[in-house]
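Novice: model the structure of this input:
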Amino acid sequence: MKQKIVMKVAMKCNKCRTKALKVVAAKDGVIYVGLEGEAKDKVVVIGDGVDAIDLAKALRKKMGGADIITIAAVTK
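Specialist: Numbers count the residues shown, from 1 in each chain. The predicted structure follows:
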């Protein structure tokens, strides 16, 4: 089942944003990774069978902080 996960991550610079995207993209099942929000502080992940808790743990370990905002099923 495809799902869309939006997470707020503590990112202060472009290097931090790149690092966060690399951490998320390395996980199994990830199809799409992107940034959204005015401050580009939200990471959007679309994937098949992606574990949101595992993503949050990996981002907290590498970036220092991550909060899950939404998890929604993708119908397309």
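Novice: list the contacts of the host helix or strand of Lys62.
Specialist: Using DSSP states H and E, Lys62 falls within helix 52-63. By CB atoms under 8 Å, 6 or more residues apart in numbering, the list of residues contacting helix 52-63 from outside reads 3, 5, 7, 9-11, 16, 19-20, 23-24, 27, 43, 45, 65-68, 71. For glycine as for every other residue, the C-beta is placed from the backbone atoms N, C-alpha and C.
Novice: the next helix-or-strand element following that helix vs helix 52-63, what angle?
Specialist: In the C-terminal direction, the helix or strand that comes right after helix 52-63 (DSSP H and E) is strand 66-73. Interaxial angle, strand 66-73 versus helix 52-63 (axes from the mean of the first three to the mean of the last three CA atoms, to 10 degrees): 150 degrees.
Novice: for the residue positioned nearest the centre of the chain, what are phi and psi?
Specialist: To find the centre residue of the chain, average its C-alpha atoms and take the closest one (CA atoms, centre = their mean): that gives Val43, at 4.1 Å. For Val43, the backbone dihedrals are phi -100, psi 130 (criterion: degrees, to the nearest 10).
Novice: wait, what's in contact with it?
Specialist: Under the criterion of CB under 8 Å, 6+ apart, the neighbours of Val43 are Val6, Met7, Val9, Ala20, Leu21, Val24, Val33, Gly34, Leu35, Leu59, Ala66.
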